[in-house]
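Undergrad: everything below, folded, please.
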Amino acid sequence: MAIWSTAASGGELTIKIQGRFDFSAHQEFRDAYEKVKDDPKTYVVDMKETTYLDSSALGMLLLLRDHAGGDNSQIEIVNCNPDVKKILTISNFEQLFTIR
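TA: Here you go, the predicted model:
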């Protein structure tokens, strides 16, 4: 499991999650968005290499949403495999995030 973030020009922060996204990733995930020096306007969570996520991962995404401004946040979750996308859909996360 590995999580890292890269800041792009224009105030976008991309967070990439590799492997299992579960409670063991909690601190690493928070660090990926809390320890950036700029204040991103948009966030992209790239799950191209995410193999699994559980309820604690859903909670971490909600914490990111709160950090990013709640209802005013701009967060995209991209490149989900079918299993991950199914979990996000069952949890009604498409109402809170843009999922592509």
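Undergrad: other SSEs contacting the lengthiest helix in the chain?
TA: For the chain, the longest helix by residue count, based on DSSP state H, is helix 55-67. Judged by 3 or more Cβ pairs under 8 Å, 6 or more residues apart in numbering; DSSP states H and E, the packing partners of helix 55-67 are strand 12-21, helix 26-34, strand 42-53, strand 75-78. Quick note: C-beta positions are derived from backbone N, CA and C, even for glycine.
Undergrad: so, low pLDDT: which residues of the chain?
TA: Scanning the chain for pLDDT under 70 picks out 9.
Undergrad: tell me who's in contact with the residue most central in space within it.
TA: Taking Cα atoms, centre = their mean, the centroid of the chain lies closest to Val45, which sits 3.8 Å from it. Going by Cβ atoms under 8 Å, 6 or more residues apart in numbering, Val45 touches 14-15, 17, 61, 64, 75-78, 97.
Undergrad: next, the angle strand 12-21 makes with the longest helix of the chain.
TA: Interaxial angle of helix 55-67 relative to strand 12-21 (axes from the mean of the first three to the mean of the last three Cα atoms, to 10 degrees): 170 degrees.
Undergrad: could you give me the buried positions within helix 55-67?
TA: 57, 60-61, 64-65 (16 or more other Cβ atoms under 10 Å).
Undergrad: then stretch 76-88?
TA: When neighbours are counted by 16+ other Cβ under 10 Å, the buried residues of stretch 76-88 are found to be 77, 80, 84-85, 87-88.
Undergrad: among the contacts of Val45, which one sits closest to Ser5?
TA: Ile15 (4.6 Å; Cβ to Cβ).
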